[in-house]
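Asks: Please find the sequence and the predicted model below.
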Amino acid sequence: MKRFSSHKPSKIRVRIFFGILTCLVCVFALVLTADPERRFGFLRDATRRQGVRQILSDIEFVRRSENGAVTSGIDATFETFQMLGTATDGCAHTCGAIPTEDACLTLQDSWIISPKDPQSGTEEQTGYAVNRTASGRMEVVACHSERTREIRLRR
C-alpha cells in the first residue's frame, strides 16, 4: 500500500491559482480607481457638512454664553445670507442660487472659527454663509456642494 506523506500541487494548479488571484486584484483596483473625481466630491461634501455643523454649533455656543444674544455682525435681513470671510465686496455672486449680501461677514472677534471650503474657500470668502430666519433661528449653508443638492442646517 502506497502512502503519500505530502501532497504537492502541480505546476498547472499553481498557475491557475495565481491567474485567478491576479484577476481579482485587477478588478479590485479598477473598482477603487473608477471615477476618483466623484469619490473626492463625496469626501469634500462630507467636509462641508462638518463645517456647517461646526459653524452652527459655534453660533449656538456664543448665543448661550451671551444669554440669547445673536452673534454680533449677523444681521436681521431674513431674505439674504451673509458669506463668512474678510472680503468687503464681491460676496454676493459666490454662493450659487442662494442670495447673499455684497460684503462678507467677519467674525474674527468672536468664538466662531470659520472653516474654509475644501475646494474653493479662502480667508476672504470661506464658502459658508449664515442667516437669521424670521423666527430667530440660525441657518448655515455651504455654498459649493458638489454631489448633493444643498448642504444646509438650521437650528
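Replies: Here it is on my side, so go on.
Asks: all helices of the chain, in order?
Replies: For the chain, applying DSSP state H gives helices covering 11-33, 36-65.
Asks: gap between H144 and E66?
Replies: 31 Å (Cβ to Cβ, to the nearest Å). (C-beta placed from N, C-alpha, C; glycine too.)
Asks: As CSV, could you dump the C-alpha coordinates of stretch 132-141?
Replies: What follows is stretch 132-141, C-alpha atoms only, in CSV (Å, rounded to 0.1, in the frame of the first residue of the first chain):
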residue,chain,number,x,y,z
ARG,A,132,-31.1,84.5,10.8
THR,A,133,-34.6,83.5,9.9
ALA,A,134,-37.8,85.4,10.7
SER,A,135,-38.4,83.1,13.7
GLY,A,136,-35.0,83.8,15.1
ARG,A,137,-33.4,80.5,14.1
MET,A,138,-29.9,80.4,12.7
GLU,A,139,-29.2,78.8,9.4
VAL,A,140,-25.9,77.9,7.8
VAL,A,141,-25.3,76.8,4.3
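Asks: what does that stretch contact?
Replies: 52, 55-56, 59-60, 63, 70, 74-76, 78, 81, 95, 98, 128-131, 150-155 (Cβ atoms under 8 Å, 6 or more residues apart in numbering).
Asks: switch to 6 Å and redo it
Replies: Stretch 132-141 is contacted from outside by 52, 55-56, 59, 74, 78, 98, 129-131, 152-155, using Cβ atoms under 6 Å, 6 or more residues apart in numbering.
Asks: Which ones among those lie within strands?
Replies: Judged by DSSP state E, the subset of these located in strands is A129, V130, N131, R152, L153, R154.
Asks: Now for the last one: which residues touch it?
Replies: R154 sits next to R137, E139 when contact means Cβ under 6 Å, 6+ apart.
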